[in-house]
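> Here is my input, please return the structure:
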Amino acid sequence: MSDELYLRSKVIVEPLVDRFYVWPHTLAPVQAAMNLAFLQVPLLESYLQSPKVHVAASVNPELRGGYFVNIAEERADEVRDLLATIKRERAAMIRFAEAIAEGQELLRASATGFDLTPLYPKLPEELAGLVELAYDTDNQAQLRFMEPLAYHSDFYQEDRQSVQLSFETGIERPFILSTPRLPSPDVLELDIPFRHAGLEALFKARVQPTTLAKLREALELDDAQTKQLSGMLSDRPSLAEDRHIDAGGRIRYFGHACLVLQSPEAAVVTDPFISADNTAGDRYTLDDLPDYIDLVLITHGHQDHIVLETLLQLRGRVGQIVVPRSSRGNLVDPSMALMLKHQGFPVVEVDDFDEVEFPGGKITATPFLGEHCDLDIRGKSTYWAEFAGKKVFIGADSSGIDPMLYRYVQRHLGTADIAFLGMECDGAPLTWLYQALLTKPVTKKMSNSRKLSGSNAAQAADIMVELGAKEAYVYAMGEEPWLGHVMATTYTEDTYQIKQIDEFMDWCKGRGIKAGHLYGQQEWRW
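Below is the predicted model:
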C-alpha cells in the first residue's frame, strides 16, 4: 500500500452519464435533457422490443454508426432495469425536455410579431427563470436559455455521472452514441462525478508516482475496488524518453485532429483524442505527451473533438483549455466553457482574432466556417499558432465554401508556413447528431441536404491559395482504427472523401506545395 507506483499505460477511462458515454450534448444540462428524453430513452425502448435486430444491425458494416444498441440479448433484463431507473430517477429531466418542446410550440403558434410578454405565464413551469423569449430581426421567435442558471437547477444532476476504468484490449468498443456501458467483471466502476479530485490524482500517476493507499483515499474505494485498482498500477512509468525537446520546434500528429506542438519552452495540444495502447507500435499514445501542457485548443463541440475520455486524463497537467465562445443560450450551441469549468478544468473562452500567449509563442483564434448543418452554432474556431519561428494554421473541419474568409485571416496574420485542413467533405446528415434538439421535424430530404461536411478538393485548394501556405496536410478524417468507437467511419480507395483528398494532393503537387494525407503518426522537426 505504501510502495511508489504509476498508472499503467493501457488503462482507459470511459466517462458515463446514466451509463451512456458522455459528450457535450449529453453533459450540458439543456441538451442532456433533450438527448435523454428524445434519443436515449426511445433507443432503449426500441432495443427492448427487438434486441436481436439491434445486435444484428450493430455488427452490420453497412449500418456502422447507426443508432443500434450493441448489447447481447441475454443481458436485456439489465437494459430493462437501466431504462426503469432512468424513467424513475430522471423524471424531472425528461419533463424539462418535454417542457422545452412545448415552449417552442407555444412560440410557433402564438408569437406572431407582437409583444411576447403575455406568453411568459403560458410557458411550462419547468422553464420559469431559465429562458427569455426573443425575436430575431426576421420576426422569428425563439427561446434563449440562461445556461449558467441551468447548471444550478434541478435539471443538472451530477449523480448521473460515473466512470469505468479498464484496460485497452485493441478490440473496438461499441459505438458511443448508441450503446450504454453495463457493468463487467473486468471493469472498475467508480460512482463519482467527473470533477472528483480523485480522478486527477489517479491520472497524474502516469507521470508522478503515488501509492495505492493515497489513491484508495482519494477515490474513496472499498476493499474490492482497491484490489482491482492495484492491478492497474506498475512500479515503473512507461513514459517515452523523447516526449520533450531541447531545441527548435516539433509538431507531432497523434491521430484524427490531435496535434502536439512543442518547443523547449512550451507544449500545445489540439483536440486531444489519444490512444492508450502503447503496444501497437503504429501511433503516439498518452506515453508520448509532455508532462505539462500549456494550452489545449478545442476547435468545436462535436464528440470527436472535445473528448472527455482524454481530457479527464490530462486534468492537472494543463495550464488552460482554450474554447470558442458559444452564442449564449442557443439550444444547439451549448457553452463548452461552462461545461468544462463544471468538470474542474481551467478554461479561457475566445472570439475570432483573440490572442492567447504561452511561453515562446502565441495562439490566435480564427474563424471556422460551416460543417454544422447550417445551424446557428458559433462555438467553433480554427487557430493560428506562432511558435519556434513557424506560423501554423489549424483548420479542423472548417469549410472553404467562402475563400474570402481566409483572405481576411491572411491579411490579419500573414502567410502560413503549414496548414492542417479537414476534408470530411461528405459528412453525416443533420439528424444524425442533432435529431434530439430539433423540436420541429425535418424531412429526410432536407436533413440529407444539410451535412457535417468540411472542405472538398476545390475548397481546400482555395484555402491554400488565400493563406499562401507552403505545406498542406489533410487530417481529422477519423481513419485510425483506434477511433472507431467514436467515429464509426469506413473509407475505401473509392470513397468520395478519399478521391477528393487524392485530387487535392495532385493539386498541391502541381504547384510545388509539400502535402500529405495524415494517418497513424507523423512528426515534423526544425
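
> drop to CA atoms for contacts and neighbour counts, all remaining ones
Will do.

> The stretch 1-150 of the chain: helices as residue ranges?
24-27, 29-35, 41-49, 51-58, 76-89, 91-110, 147-150 (DSSP state H, counting those that start in this stretch).

> Could you look up the SS state of Arg252?
Local secondary structure at Arg252 is given as strand here, using DSSP: H, G, I helix; E, B strand; the rest coil.

> what about it, how many neighbours?
19 (other Cα atoms under 10 Å).

> so it sits right up against Ser263, yeah?
No. Arg252 is beyond contact range of Ser263, at 11.6 Å (criterion: Cα atoms under 8 Å).

> residue contacts, the nearest residue to Phe345 once chain neighbours are set aside?
Among residues not flanking Phe345 along the chain, Arg315 sits closest, at 6.6 Å (Cα to Cα, 6 or more residues apart in numbering). Residues counted as contacts of Arg315 (Cα atoms under 8 Å, 6 or more residues apart in numbering) are 200, 203, 344-345.

> okay, the helices of the stretch 1-150 of the chain in TSV with mean pLDDT and mean neighbour count next?
Formatted as TSV, the helices of the stretch 1-150 of the chain follow (pLDDT from 0 to 100; neighbours: other Cα atoms under 10 Å):
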stretch	mean pLDDT	mean neighbour count
helix 24-27	98	22
helix 29-35	98	26
helix 41-49	98	17
helix 51-58	97	19
helix 76-89	98	15
helix 91-110	97	18
helix 147-150	98	17
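
> Out of those helices, which gets nearest to Ser455?
helix 24-27 (24.1 Å; Cα to Cα).

> so what's the backbone phi/psi at the residue nearest to the spatial centre of the chain?
Among the residues of the chain, the one closest to the centroid is Ile306, at 2.5 Å (Cα atoms, centre = their mean). Ile306 has phi and psi values of phi -120, psi 90 when expressed as degrees, to the nearest 10.

> Can you lay out the contacts of Arg315 as a markdown table showing neighbour count and distance to Asp222?
Shown next, in a markdown table, are those (neighbours: other Cα atoms under 10 Å; distance: Cα to Cα, whole Å):
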| residue | neighbour count | distance to Asp222 |
| --- | --- | --- |
| Glu200 | 20 | 19 |
| Phe203 | 21 | 19 |
| Gly344 | 16 | 24 |
| Phe345 | 21 | 27 |
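
> Tell me the one of these nearest Gly231?
Among the contacts of Arg315, and counting by Cα to Cα, the member closest to Gly231 is Phe203, at 15.0 Å.

> Now do the contacts for the closest one.
Counted by Cα under 8 Å, 6+ apart, Phe203 has contacts 7, 312-315.

> Glu480 now?
Shown in contact with Glu480 (Cα under 8 Å, 6+ apart): 255-256, 519-520.

> closest to Val17 among these?
Looking across the contacts of Glu480 and measuring by Cα to Cα, the closest to Val17 is His256, at 24.7 Å.

> contacting residues around the residue nearest to the closest one when sequence neighbours are not counted?
Spatially, and ignoring its direct neighbours in sequence, His256 is nearest to Ala476 (4.1 Å; Cα to Cα, 6+ apart). Shown in contact with Ala476 (Cα under 8 Å, 6+ apart): 255-258, 396-397, 421-424.

> quick one: Pro180 and Pro15 touch, right?
No. Between Pro180 and Pro15 there is no contact under Cα under 8 Å: 11.2 Å.

> Neighbour count: those two, which is higher?
Pro15 (25 against 22).

> in terms of contact, does the more buried one touch Ser162 like I think?
Yes. Using Cα under 8 Å, Pro15 is in contact with Ser162, at 6.1 Å.

> Mutual contacts of Pro180 and Pro15, please.
Shared contacts of Pro180 and Pro15, defined by Cα under 8 Å, 6+ apart, are found at Tyr21.

> before we move on, back to that, pick the one among the contacts of Phe203 closest to Asp462.
For the contacts of Phe203, the nearest to Asp462 is Leu314 (36.0 Å; Cα to Cα).

> distance of that closest one from Ile418?
27 Å (Cα to Cα, to the nearest Å).

> now do Gln410
Gln410 is 13 Å from Ile418, where distance means Cα to Cα.

> Same check on Arg252?
Taking Cα to Cα, one finds Arg252 at 13 Å from Ile418.

> quick revisit: Phe273: which of the helices of the stretch 1-150 of the chain is closest?
Nearest to Phe273, of the helices of the stretch 1-150 of the chain and by Cα to Cα, is helix 24-27 at 14.6 Å.

> Which neighbouring elements make contact with that closest one?
Helices and strands touching helix 24-27, by 3 or more Cα pairs under 8 Å, 6 or more residues apart in numbering; DSSP states H and E, are helix 29-35, helix 336-341.

> one more time with 10 Å
strand 11-17, helix 29-35, helix 336-341 (3 or more Cα pairs under 10 Å, 6 or more residues apart in numbering; DSSP states H and E).

> so what's Pro24 up against?
31-32, 301-303, 306-308, 333-336, 339-340 (Cα atoms under 10 Å, 6 or more residues apart in numbering).
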